[in-house]
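> Based on what follows, work out the 3D shape:
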Amino acid sequence: MAIRILLVDDEPLILKGLRFSLQQEGYEIDQAADGEEALEKIRENAYDLVLLDVMLPKLSGIEVCQQVRETSDVPIIMLTAKGEDMDKILGLEFGADDYMTKPFNILEVKARIKSILRRTAVVRGPQKTQLSEGGLFLDSQTRSVEVNGSPVNLTVKEFDLLQYFMASPGRVFTREELLENVWGYEYMGDFRTVDVHIRRLRSKIEPDPDKPQYVVTKWGVGYYFGHA
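The predicted structure is shown next:
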């Protein structure tokens, strides 16, 4: 079955260019030109990924992302205007998995999409798929997480981060290492991406996010998975 992607942008030329390029890769493409149409399509269809512009009529991309995250963990890549740092940060805060700045290179768009889709593929084969520590439980086969028996809804990147930490408990990872191994590409030194995702992850899994027990900061170095 073909990978299905929703493109959301109010600029017809951008939609046309993205649609053509991604269809050449074999993806099945739907599109929407405003926030309300995007929400309607996401509610009615199953997508493997959403490419979502921040500046949209009717509902902004941030609002769309926020509402989608109430019911779905579909991967979302935000498209932001050059220099709009606050849009990037807000997008990540409200659950976006990644962002790209306009104007963008279509080859990089394809690389980002492939990176995320690769990480959301179901793990197959006779390998360890379950990790647990204290009251925290992660199943990579079903991509599910529980805290003290209660399910926790994580975004794609939040799940990937947690799985990466839990696979190597006690090992300290720098932000550079996390960007390279979890995101799969260089972020030109924009470490806020890591910090925002870790802050969101802590808010969902930690008994007290201000005093984290699982994802712990090693001051001046990075982060590591501790013991609850």
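
> buried stuff in the helix or strand bottoming out on mean pLDDT in the chain?
Least confident element among the helices and strands of the chain, by mean pLDDT, DSSP states H and E: helix 85-93 (a mean of 79). Buried residues in helix 85-93, defined by neighbour count with 16 or more other Cβ atoms under 10 Å: 87-92. In short, each C-beta sits where N, CA and C put it, glycine included.

> which one of these sits closest to Leu13?
Asp87 (20.8 Å; Cβ to Cβ).

> Identify the residues contacting the closest one.
Neighbouring residues of Asp87 by Cβ atoms under 8 Å, 6 or more residues apart in numbering: 54, 62, 78, 80-81.

> Tell me which stretches of the chain form strands.
In the chain, the segments counted as strands under DSSP state E are 4-8, 28-32, 49-53, 76-80, 98-101, 130-133, 136-139, 144-147, 150-152, 215-218, 222-225.

> and Arg171, which of those is closest to it?
strand 222-225 (5.9 Å).

> so how far is the closest one off the chain centroid?
Relative to its chain's centre, strand 222-225 lies at 19 Å (Cα atoms, centre = their mean, to the nearest Å).

> now do stretch 58-69
Distance of stretch 58-69 from its chain centroid, counting by Cα atoms, centre = their mean, is 15 Å.

> again with stretch 161-176
17 Å.

> what's the answer for stretch 85-97, then?
Remark: stretch 85-97 is offset 10 Å from the chain centroid, using Cα atoms, centre = their mean.

> Could you do stretch 52-64 as well?
On the basis of Cα atoms, centre = their mean, stretch 52-64 sits 17 Å off its chain's mean C-alpha point.

> What count of nearby residues applies to the nearest residue in space to Ile77 that is not next to it in sequence?
With Cβ to Cβ, 6 or more residues apart in numbering as the criterion, Ile77 has its nearest non-adjacent residue at 4.6 Å, and that residue is Asp98. Counted with other Cβ atoms under 10 Å, the neighbours of Asp98 add up to 24.

> thought Asp98 was touching Asp160?
No. Taking Cβ atoms under 8 Å as the definition, Asp98 is not a contact partner of Asp160, at 11.0 Å.

> now Glu176, nearest residue through space, not along the chain?
With sequence-adjacent residues excluded and distances taken as Cβ to Cβ, 6+ apart, Glu176 is closest to Phe191, at 7.9 Å.

> Local confidence estimate at that neighbour?
pLDDT recorded at Phe191 is 77.

> before we move on, what about Gly83?
Model confidence at Gly83, given as pLDDT, is 68.

> before we move on, back to that, can you lay out the buried residues of helix 85-93 as TSV showing distance to Arg19?
As requested, the buried residues of helix 85-93 are arranged in TSV below (distance: Cβ to Cβ, whole Å):
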residue	distance to Arg19
Asp87	23
Lys88	24
Ile89	28
Leu90	27
Gly91	22
Leu92	26
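
> Show me the two of the residues you listed that sit farthest apart.
Using Cβ to Cβ, the two most remote members of the buried residues of helix 85-93 are Asp87 and Leu92, lying 9.8 Å apart.
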